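J.: Quick check, what structure comes out for this input:
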Amino acid sequence: MEAGLLWFCNWSTLGVCAALKLPQIYAQLAARSARGISLPSLLLELAGLLVFLRYQCYYGNPLLTYLEYPILIAQDIILLLFVFHFNGNVKQALPYMAHLARFVSSWFILSLQKWIIDLAMNLGTGISAVSKFAQLQHLWKVQDSEAVSALSWGLSAYTCAILIRFVIMLALNIWVTVTVLHYRKPVTKAE
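T.: Numbering: from 1, shown residues only. I've put the predicted structure just below:
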């Protein structure tokens with residue numbers, strides 16, 4: 001039973017990731033606009049994905065455990081090019097692509113020492129979280145989500161939902177710990 005559930009979670013997440021940005025790309029093409037899509041959010045997400053990918057490669061994990069990262073990176077690059085196209089900044093895409101190439105080449109610096117790649121991985125989670133806040137901030141600013149796909153964001157939520165069990169268990173364990181400490185009677189010294 002557990003093996004079947006693990007198989008389903010793994011393959012359904014991979015399948016969702018294979019199509020995750022396609023609704024976003026379609027929404028952008030249909031709107032013929034990038035309004036509502038945050039460039040900083042997209043760049044931060046891309047940086048986080050590249051760090052996650054490098055971490056997996058560094059530790060030699062099986063490809064199936066991280067195959068979604070190269071797929072998402074390719075989709076993000078396509079999305080990034082469409083953002084530049086619809087913003088009328090195709091010429092500005094070149095410096096960003098040069099920075100991206102520099103970032104990818106510095107990718108190998110991450111693996112010079114184990115502590116560097118481990119630190120980068122821990123920071124990668126924060127970078128990915130900040131990318132979501134950047135997208136929210138941009139949506140609040142422009143108050144227009146015509147070119148933003150709710151389906152892509154919903155699919156992204158699905159891929160995270162598999163991990164929600166661990167977050168819930170973490171919160172409950174912390175709650176129990178705090179409660180235990182709260183009700184702990186102070187130790188009195190015997191005279």
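J.: where do the strands sit along the protein?
T.: With DSSP state E as the definition, the chain shows no strands.
J.: By mean pLDDT, flag the weakest helix or strand of it.
T.: helix 90-106 (a mean of 68; mean pLDDT, DSSP states H and E).
J.: Give me the average confidence score over stretch 25-43.
T.: For stretch 25-43, mean pLDDT rounds to 88.
J.: Run the chain-centre distance for it.
T.: Put simply, stretch 25-43 sits 17 Å off its chain's centre (CA atoms, centre = their mean, to the nearest Å).
J.: Show me the shaky parts of this protein.
T.: Applying pLDDT under 70 to the chain flags the ranges 1-2, 6, 93-94, 96-97, 99-101, 103-112, 161-166, 169, 190-191.
J.: This protein: helices as residue ranges?
T.: Ranges of helices in the chain, per DSSP state H, are 2-19, 22-31, 39-58, 68-86, 90-106, 114-142, 150-161, 164-183.
J.: Tell me which of these sits nearest to K189.
T.: The closest of these to K189 is helix 164-183. By CB to CB, the value is 19.9 Å. C-betas here are computed from N, CA, C, even on glycine.
J.: Can you check what angle separates the closest one from helix 150-161?
T.: Per axes from the mean of the first three to the mean of the last three CA atoms, to 10 degrees, the angle that helix 164-183 makes with helix 150-161 is 60 degrees.
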